[in-house]
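> need a structure here:
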Amino acid sequence: MSPSFRKYRPSKIFTLLWPDLLTSRPYTAHPLHATSWMDGLRALAALSISTHHILEAFINMNNSGPLEALCIFFVLGGYGVSTRPLELMTHPSKQAQLVQTLSTSIFRRWFRLYIPTLVALLLTTLCAHFGAFESLRPLLSEPYKADFFPGSMTPQIPRQWRTMGKQLTYWSRDAAKLVDLRPAEMTKVSNSAYVWSVREEFKCSMGLYVVLIGTTRMKPIWRLATMLGLSWYALWCGSWEGMLFGFGAVAAQLELLIKARSLALLQQGGQDVVHADKKVRNGGDGLALVQTQRHSTLLIQGLGFPVVAFLISARVPGSLAFNNLVPLVRTYLSSQYPRTVCCGSGIVIFLLCMLNLPPKSLPHKLLNSGILQYIHRRAFGMVLLQTIVLYGGVLAIPHLVWNVVGGGIEDYSRKGVEWGDYSMNLLGLAFACLVNVILLLWLSDIFTKAIMLPNEALLKMLERWCFVQDGTVVVEGRSEVARSQVSPKDVV
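Model (predicted):
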């Protein structure tokens, strides 16, 4: 085989197309770390959102949208952005490492978010140009939409242009909208209705990096108060995404404060504790202190999960009456904002409860399972490729199932329908959701290996070009290795 075509040999193409889920790599290639359970939580949120996109085409889900799953993504995003810098701020000797961490994180953020997104938008545009969505376009338009897709979904199929030049111009306009951070409201992209969160995540993460830099020399308690105040300020400005990112940073700072307080109490008690589960030595008041701390942790864990369920339900008594009585709240907060505040608060409490649980507890084991960790690594691709899978034919699967086994979405509006009819309806929707997840995982697996992994390699190459390496200094615009000023004659 010619060397120029060696990289395209069939074995590599087969490796690209073969999903990693069917091998042992998803369970061994990525070892678990202390916060791997958060990745499993993101995977559950991604599955919830992808399932909602199917169900909303057939069922009115205006009052039960995927807002809770979106809140999980944004809160965990703020936690992930801030946790490492906040840990380094507690060590005065690691200020250089803190600067390096913030610099590289800010440099990588645009490339990691936007390069895969723009490529996925281009793939969606090409699919629209070659007619991949034309079979469902008439059914999703009036007057047929009410008969075939009576749900609350507003269809947004990418437009098909006659020439490739106009199609690429259509894509470039969407790309310009997506990277433009000036508009305060959400950016609606014509090629895909599911990538708006990329712009919001980039904007909120950049704002959070600025806050972290500005509060570097603050005391932890005042940094916590500043983050909490800026979170509410973001909500007052109309950015509920910024508020949720701030809540994630607040959770990270609270975790560090709790750890520091626990360590101080243990030191005051004269304890020598290697691990919470190991034997506590030296006895005395220190043992009673540790036992009190364990009882407090159990109390927090016992009350935390019911509180989370109460807050995420977003049905706090008096919230609507409070909005009607206070004109300022009614002016600046729409109906979704109290629900967002409740969800974000509940997720923060949930994070603090999970961080206090032992690593071998049942919730950690469930969220650290191999399948959820694999889905997390493909979650970004699932969001980017949702338009291709959804309008490429998955929305027609329930109707195909109902044509075979009976039933139909119109049965929901009839009176006196037997449970068998409802079970056929549920069968069609469940099968469509299953096929949707399988196709999303397979395509995002290919997308990860073909686009996102090379993008990471490109980032490493750019960092070698643009960043000053350790042990070097900049002299007249050049990066040179720092040498000792001591001459060999001075060495005894």
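> My guess is Gly428 contacts Val404. True?
No: counting by Cβ atoms under 8 Å, Gly428 stays clear of Val404, with 9.2 Å between them. C-beta here means a position set from N, CA and C on the backbone, and glycine is covered the same way.
> okay, these two: which has more neighbours?
Neighbour tally, Gly428 and Val404, criterion other Cβ atoms under 10 Å: the higher count belongs to Gly428, 23 against 10.
> correct me, but Leu254 touches Leu224?
Yes: using Cβ under 8 Å, Leu254 makes contact with Leu224 at a distance of 6.8 Å.
> Can you give me the buried ones in the strand or helix carrying Met227?
Per DSSP states H and E, Met227 falls inside helix 220-236. By 16 or more other Cβ atoms under 10 Å, the buried positions in helix 220-236 come out as 220, 223-224, 226-228, 230-231, 234-235.
> which of these sit farthest apart?
Within the buried residues of helix 220-236, Pro220 and Leu235 form the most distant pair, 23.2 Å apart (Cβ to Cβ).
> which parts of the helix or strand immediately after the helix holding Met227 in the chain are buried?
Of the helices and strands lying after helix 220-236 in sequence (DSSP H and E), the nearest is helix 240-268. Under the neighbour-count criterion of 16+ other Cβ under 10 Å, helix 240-268 has 240-257, 262, 266 buried.
> residues in contact with Gly151?
Neighbouring residues of Gly151 by Cβ atoms under 8 Å, 6 or more residues apart in numbering: 55-61.
> and which of these is nearest to Met461?
Ranked by distance to Met461 (Cβ to Cβ), those are led by Glu56 at 41.9 Å.
> rewinding a little: export the contacts of Gly151 to JSON lines and tack on neighbour count?
Putting those into JSON lines (neighbours: other Cβ atoms under 10 Å) gives the following:
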{"residue": "Leu55", "neighbour count": "18"}
{"residue": "Glu56", "neighbour count": "19"}
{"residue": "Ala57", "neighbour count": "24"}
{"residue": "Phe58", "neighbour count": "22"}
{"residue": "Ile59", "neighbour count": "18"}
{"residue": "Asn60", "neighbour count": "13"}
{"residue": "Met61", "neighbour count": "15"}
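> Can you list which of those residues are found in helices?
Within the contacts of Gly151, residues falling in helices by DSSP state H are Leu55.
> out of the contacts of Gly151, who's nearest Leu395?
Distance to Leu395, by Cβ to Cβ, is smallest for Ala57 among these, at 5.6 Å.
> wait, doesn't that closest one sit right on Met153?
Yes: applying Cβ under 8 Å, one finds Ala57 in contact with Met153, separated by 4.5 Å.
> so Leu351 sits right up against Gly80, yeah?
No: the criterion here is Cβ under 8 Å, and Leu351 misses it with Gly80 at 11.3 Å.
> tell me, what's touching those two both at once?
Common neighbours of Leu351 and Gly80, using Cβ under 8 Å, 6+ apart, are Met38.
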